[in-house]
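Q: dropping the sequence and predicted coords here.
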Amino acid sequence: MSRPWKHPDSGYYWFRRRVPDDLRELVGKREERSSLGTRDPVEAKRLHVLKLAEIEERWSNLRKSRRSLSADEIAREAALAADAVR
């Protein structure tokens with residue numbers, strides 16, 4: 001399991017996690033990382049768990065949604081997107 005990473009210069013803790021190979025193209029990067037915004041190790045652990053759950057949920061949703069769309073589904077989604085822009 002990953003854990004908070006402490007930046008050597010600033011002392012702030014960061015979330016860092018390698019993107020799985022099967023999702024790398026969809027996510028568009030090799031690693032997810034973001035500042036946890038704290039120098040407190042206890043708070044960093046709490047925030048890290050929350051961020052990890054968020055990332056894992058997003059990756060799970062990306063894995064579920066990987067399927068081919070029919071021409072009708074593409075047209076329906078395009079129409080919904082066009083309506084949202086207007």
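A: Sure, I can see it.
Q: from here on, contacts and neighbour counts on C-alpha atoms
A: OK.
Q: now for residue 17, how many residues are close by?
A: By other Cα atoms under 10 Å, 17 other residues sit near residue 17.
Q: which strand residues bridge it?
A: residue 32 (DSSP bridges).
Q: just checking, it touches residue 34?
A: No. Using Cα atoms under 8 Å, residue 17 is not in contact with residue 34, being 9.6 Å away.
Q: buried ones in whichever helix or strand residue 63 is part of, by neighbour count?
A: Using DSSP states H and E, the element containing residue 63 is helix 41-64. Buried residues in helix 41-64, counted by 16 or more other Cα atoms under 10 Å: 44, 45, 47, 48, 51, 52, 59.
Q: now those residues as a markdown table including distance to residue 30?
A: Shown next, in a markdown table, are these (distance: Cα to Cα, whole Å):
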| residue | distance to residue 30 |
| --- | --- |
| 44 | 23 |
| 45 | 23 |
| 47 | 22 |
| 48 | 19 |
| 51 | 17 |
| 52 | 16 |
| 59 | 13 |
